[in-house]
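>>> model this:
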Amino acid sequence: MDLHPFRQRTFKQRAALSGIGLHSGAAVRLTLAPAPIDSGLVFIRDGVEIPARSEFVIDTTLNTSLGRRNVRIGTVEHLLAALAGCGIDNACIEVEGPEVPIADGSAEAFVALVREAGIHEQRATRRYLLVRRTVSVAEGDKLARLSPARGRFAVNYTIDFNHPLISDQNYRLEVNEKSFQKEIARARTFGFKRDVERLLGAGLARGGSLDNAVVVDDFNILNPEGLRYPDEFVRHKILDAMGDLSLFGMPVIGQLTAVKSGHSLNQQLVRKVLAERDACEVVQPSAADELHALQESLLPVLALEEQLA
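Next up is the predicted model:
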């Protein structure tokens with residue numbers, strides 16, 4: 001079934017995934033479930049609902065964590081990127097444990113989980129955040145900027161870790177469901193062997209391994225299978241950023257330009273855009289827009305029918 005580009009989407013049925021938490025090392029379980037129109041993405045843990053919006057971000061240290069009352073859920077960014085990349089607007093996301101499962105360190109397992117749950121098109125148009133003017137945040141040589149981009153979401157991302165294998169990587173992409181699943185979803189999180197002891201001492205990366213992260217020493221990739229893309233590192237940073245920007249609560253029409261950005265700077269950008277009210281506008285396609293999109297999609301079919309007549 002061809003899905004309408006403007007209609008809201010949820011799931012047809014429940015689907016679950018069990019695994020380990022990257023930072024806690026705990027056994028965790030995730031269940032995706034259908035949700036009503038206009039409800040958005042909502043995490044549920046121990047009976048507490050935590051909407052996937054920037055106001056509920058409580059930590060950005062090597063992951064994005066959401067919290068409400070005394071309940072928190074860590075490492076939400078890969079799942080949120082997958083939901084954004086698959087065009088899911090409304091979902092109940094039930095989490096058993098302190099984190100979302102890390103799976104293989106990419107978004108691929110979550111894309112597969114969305115397919116297992118099935119996509120249900122709902123009878124309402126989705127809302128978009130239209131960027132009207134450029135907004136930037138910076139810290140030293142780090143930058144995150146959202147600019148207007150006509151009718152699309154695009155990313156231009158640059159990283160440089162001053163490392164022989166991860167220096168001056170740049171990737172540009174116009175993001176849609178096809179490009180996300182082909183070019184971004186399989187890119188895994190990564191880390192440096194030299195940082196492992198420090199992270200463990202800080203209570204982080206307790207569930208990390210070569211099964212769920214790309215690990216590099218001073219000169220080599222330690223994973224036996226190597227990289228999935230030659231520039232897998234920068235592609236994963238785009239994946240992270242998509243998850244972080246999904247905390248606007250709706251898809252973005254604009255361009256993200258990022259240089260050495262991370263979860264903290266990404267969230268600073270989201271909050272600044274929302275605070276500067278003239279910088280963006282919430283738009284919702286009309287019935288006329290839907291009809292125009294339908295007519296555009298039918299043009300190749302009508303042309304073929306004319307040829308066969």
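>>> now the strands: where do they sit in the stretch 201-309 of the chain?
214-216, 252-259, 280-283 (DSSP state E, counting those that start in this stretch).
>>> for the stretch 1-150 of the chain, what spans make up the strands?
Counting by DSSP E, counting those that start in this stretch, the stretch 1-150 of the chain has strands at residues 7-11, 15-20, 27-33, 41-45, 48-51, 57-59, 65-68, 71-73, 91-96, 119-125, 128-131, 135-139, 142-147.
>>> For Glu281, find the nearest of those strands.
strand 128-131 (4.9 Å; Cβ to Cβ). For glycine as for every other residue, the C-beta is placed from the backbone atoms N, C-alpha and C.
>>> what sits up against that closest one?
146-149, 248, 250-255, 273, 279-284 (Cβ atoms under 8 Å, 6 or more residues apart in numbering).
>>> Low-confidence stretches in the stretch 201-309 of the chain?
Applying pLDDT under 70 to the stretch 201-309 of the chain flags residues 287-309.
>>> Model confidence at the residue most central in space within the chain, what's the number?
Residue closest to the average C-alpha location in the chain (Cα atoms, centre = their mean): Ala81, at 1.6 Å. Here, the pLDDT recorded for Ala81 equals 98.
>>> Kindly provide the distance from it to Glu281.
The gap separating Ala81 from Glu281 is 24 Å, by Cβ to Cβ, to the nearest Å.
>>> and what of Gly118?
Counting by Cβ to Cβ, the gap from Gly118 to Glu281 is 33 Å.
>>> can you check Ala84 too?
Separation of Ala84 from Glu281 (Cβ to Cβ) stands at 19 Å.
>>> quick one, which of those two is more surrounded?
Ala84 (27 against 12; other Cβ atoms under 10 Å).
>>> For the more buried one, which non-adjacent residue is closest in space?
In this structure, Ala84 finds its nearest non-sequential neighbour in Ser246, 4.4 Å apart by Cβ to Cβ, 6 or more residues apart in numbering.
>>> do the same with Val234
Spatial nearest neighbour of Val234, excluding adjacent residues (Cβ to Cβ, 6+ apart): Gln169 at 3.9 Å.
>>> what is the one you found paired to in the beta sheet?
Taking DSSP bridges, one finds Ile159 as the beta-bridge partners of Gln169.
>>> So it sits against Glu232, correct?
No - look at Gln169 against Glu232 with Cβ atoms under 8 Å: they stay out of range, at 9.1 Å.
>>> more crowded one of the two?
Glu232 (21 against 18).
>>> Please determine how far that one is located from Arg186.
8 Å.
>>> Including mean neighbour count and mean pLDDT, could the strands of the stretch 1-150 of the chain go into CSV?
As requested, the strands of the stretch 1-150 of the chain are exported to CSV (neighbours: other Cβ atoms under 10 Å; pLDDT from 0 to 100):
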stretch, mean neighbour count, mean pLDDT
strand 7-11, 21, 97
strand 15-20, 17, 98
strand 27-33, 19, 98
strand 41-45, 21, 98
strand 48-51, 16, 98
strand 57-59, 16, 97
strand 65-68, 20, 98
strand 71-73, 21, 97
strand 91-96, 20, 98
strand 119-125, 15, 96
strand 128-131, 21, 96
strand 135-139, 16, 98
strand 142-147, 20, 98
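>>> Tell me how far stretch 241-256 lies from the chain's centre.
In terms of Cα atoms, centre = their mean, to the nearest Å, the centre of stretch 241-256 is found 8 Å from the chain centre.
>>> cool, stretch 130-146 as well?
For stretch 130-146, the distance to the chain centre is 18 Å (Cα atoms, centre = their mean).
>>> Quick check: buried residues in stretch 108-118?
Applying a neighbour-count criterion of 16 or more other Cβ atoms under 10 Å, one finds 108-111, 113-114, 117 buried in stretch 108-118.
>>> tell me the mean pLDDT for that stretch?
Stretch 108-118 carries an average pLDDT of 98.
>>> Please apply the same query to stretch 183-192.
When pLDDT is averaged along stretch 183-192, the result is 95.
>>> which parts of it are buried?
Buried-residue list, stretch 183-192, by 16+ other Cβ under 10 Å: 183-191.
>>> just the CA coordinates of that stretch, formatted as PDB?
Listed next in PDB are the C-alpha coordinates belonging to stretch 183-192 (Å, rounded to 0.1, in the frame of the first residue of the first chain):
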ATOM      1  CA  GLU A 183      22.200   5.800   3.800                       C
ATOM      2  CA  ILE A 184      21.800   6.400   7.600                       C
ATOM      3  CA  ALA A 185      19.800   3.700   9.500                       C
ATOM      4  CA  ARG A 186      22.700   1.100   9.500                       C
ATOM      5  CA  ALA A 187      25.400   3.500  10.800                       C
ATOM      6  CA  ARG A 188      26.500   2.400  14.300                       C
ATOM      7  CA  THR A 189      27.500   4.400  17.300                       C
ATOM      8  CA  PHE A 190      31.200   4.600  17.900                       C
ATOM      9  CA  GLY A 191      33.800   5.100  20.600                       C
ATOM     10  CA  PHE A 192      37.500   5.100  21.400                       C
END
